[in-house]
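>>> quick one: sequence and predicted model below, then my questions.
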Amino acid sequence: MSYGRRSDQSSTSSSSLRSLSFDELLAEGAAVPTEGWDFSWFDGRATEARPSWGYARALAARLGGEPGAAAGAVLDVQTGGGEVLGLALDEARRVVPDSRRPALVVATEGWAPNVVKAAGLLRARGGFVVAVSEGASVRTGFPFADGVFDLVVSRHPVTVHWREIARVLRPGGSYFAQHVGPSSVYELVEHFLGPQPDEQRNARHPERERREAEAAGLEIVDLRAERLCMEFYDIAAVVHFLRKVIWMVPDFTVEAYLPQLRALHERILAEGAFVAHSSRHLFDVRKP
């Protein structure tokens, strides 16, 4: 997730939101559409610091390739609404005018509303979307032949299928991705679910994922990790966030968690923004 910094204008608009009642804020957060990975609705209502490596910008450089050279075949795994890949493709052409789009751009996505959104966005950029559920990925793998792609990318995959990534990459190909790290936004998660076991908190640890990648026959070129500040300025932002990022509190509904929502609303009114911390790590991986 990435939100813009809170401007003076958005601070003013956020202040006006404090006049809304608890019920009005709940209703607003529950009504916002959740498809895609466009987080512009959060402007003035939540912020998240961005990793120093600038994933979308770095991805654009990978997609652009050398001036005048083809970038090859690219697969974006769990693309969401296709926003990040679309932005990177556009940026690649802007930054490196002599480059051209990869010869083949394919994305996978499992949630039907996102499939529709991504298909429309990427079609205009010469890309294709293949509907692949997480269950199908686990049972039968990616629906692609061995060694098809020069570059596999992903931003915040729910599950990382290292052996499938290794299989579809050609020798010398790369996996370039930004993952969600351990205990990400757990201040918020544990407000709703209570203390979580260490196994759950560390399930996405980068060193664990490094070992899994190496076990799949891949080489780690670069691995970086950062922990970043997030702030929620009203309870509507919390509701929308938990509806959109469904793996945080998997069974979340407003009705089921009304006491926790009310307590957090009162805390924000009394103390200001609710502060949490996201974890992100960058993988640059190569298939020998």
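On my side now, so go ahead. Numbering: from 1, shown residues only.

>>> list the buried residues of stretch 118-127.
Along stretch 118-127, these residues count as buried under the neighbour rule (16 or more other C-beta atoms under 10 Å): 118, 119, 121, 122, 127. Placement of C-beta: from N, CA and C, glycine included.

>>> look at the nearest residue to residue 163 once chain neighbours are set aside and report its pLDDT.
Distance criterion C-beta to C-beta, 6 or more residues apart in numbering; nearest residue to residue 163, sequence neighbours excluded, is residue 216 at 4.7 Å. Residue 216 is assigned a pLDDT of 98 by the prediction.

>>> ok, back up a step: from the buried residues of stretch 118-127, pick the one nearest residue 73.
Taking C-beta to C-beta as the measure, residue 73 sits nearest to residue 127 out of the buried residues of stretch 118-127, at 11.3 Å.

>>> what's the helix or strand for the spatially closest residue to that closest one that is not a sequence neighbour?
In space, not counting the residues next to it along the chain, residue 127 is nearest to residue 105; the distance is 3.7 Å by C-beta to C-beta, 6+ apart. In this structure, residue 105 is located in strand 104-109 according to DSSP states H and E.

>>> so what secondary structure elements neighbour the following helix or strand past that strand?
Toward the C-terminus, strand 104-109 is succeeded by helix 112-123 as the next helix or strand (DSSP H and E). With contacts defined as 3 or more C-beta pairs under 8 Å, 6 or more residues apart in numbering; DSSP states H and E, the packing partners of helix 112-123 are helix 83-95, strand 104-109, strand 127-131.

>>> quick one on the thing from earlier: what number of residues lie near the residue nearest to residue 163?
Neighbourhood size, residue 216 [other C-beta atoms under 10 Å]: 18.

>>> cool, the one 5 residues further on as well?
By other C-beta under 10 Å, the residues close to residue 221 number 12.

>>> on that earlier part again, per-residue pLDDT, the residue nearest to residue 127?
The per-residue pLDDT reported for residue 105 equals 96.

>>> so it sits right up against residue 124, yeah?
No: between residue 105 and residue 124 no contact is recorded; they are 11.4 Å apart, counting by C-beta atoms under 8 Å.

>>> before we move on, the earlier item: so what strands line up beside the strand holding residue 105?
Here strand 104-109 has these sheet partners by DSSP bridges: strand 73-76 (parallel), strand 127-131 (parallel).

>>> could I get these as TSV with mean pLDDT?
Shown next, in TSV, are the strands paired with strand 104-109 (pLDDT from 0 to 100):
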stretch	mean pLDDT
strand 73-76	97
strand 127-131	97
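
>>> among the ones you listed, show me which one is buried the most.
Scoring these by mean neighbour count under mean count of other C-beta atoms under 10 Å gives strand 73-76 as the most buried, with a mean of 25.

>>> residue 183 is nearest to which of the helices and strands packed on helix 112-123?
Go through the helices and strands packed on helix 112-123 one by one with C-beta to C-beta and the one that ends up closest to residue 183 is helix 83-95, at 23.4 Å.

>>> follow-up on the earlier one: between the helices and strands packed on helix 112-123, which one is closest to residue 279.
Among these, if distance is taken as C-beta to C-beta, the winner is helix 83-95, at 18.3 Å.

>>> now name the helix or strand holding the nearest residue to residue 177 once chain neighbours are set aside.
Of all residues beyond its chain neighbours, the one nearest residue 177 is residue 154 (4.3 Å), with distances taken as C-beta to C-beta, 6+ apart. Using DSSP H and E, the element containing residue 154 is strand 149-155.

>>> tell me how far the residue most central in space within the chain lies from residue 247.
With distances taken as C-alpha atoms, centre = their mean, the chain has residue 156 as the residue nearest its mean C-alpha position (3.6 Å). Residue 156 sits 10 Å away from residue 247, taking C-beta to C-beta, to the nearest Å as the criterion.

>>> same question, residue 78
12 Å.

>>> can you list residues touching both of these two?
A shared contact of residue 78 and residue 247, defined by C-beta atoms under 8 Å, 6 or more residues apart in numbering, is any residue touching both; here these are residue 158.

>>> can I get the CA coordinates of whatever helix or strand residue 261 lives in in PDB?
Residue 261 is part of helix 258-271 when elements are defined by DSSP H and E. Coordinates of each C-alpha in helix 258-271 appear next as PDB, following Å, rounded to 0.1, in the frame of the first residue of the first chain:
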ATOM      1  CA  LEU A 258     -18.200  -2.900  16.200                       C
ATOM      2  CA  PRO A 259     -16.800  -2.700  19.800                       C
ATOM      3  CA  GLN A 260     -13.200  -2.600  18.500                       C
ATOM      4  CA  LEU A 261     -14.100   0.000  15.900                       C
ATOM      5  CA  ARG A 262     -15.800   2.200  18.500                       C
ATOM      6  CA  ALA A 263     -12.900   1.900  20.900                       C
ATOM      7  CA  LEU A 264     -10.400   2.900  18.100                       C
ATOM      8  CA  HIS A 265     -12.700   5.800  17.000                       C
ATOM      9  CA  GLU A 266     -12.600   7.200  20.500                       C
ATOM     10  CA  ARG A 267      -8.900   6.700  20.700                       C
ATOM     11  CA  ILE A 268      -8.300   8.700  17.500                       C
ATOM     12  CA  LEU A 269     -10.600  11.500  18.700                       C
ATOM     13  CA  ALA A 270      -8.700  11.700  22.000                       C
ATOM     14  CA  GLU A 271      -5.100  11.100  20.900                       C
END
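
>>> cool, thanks, signing off.
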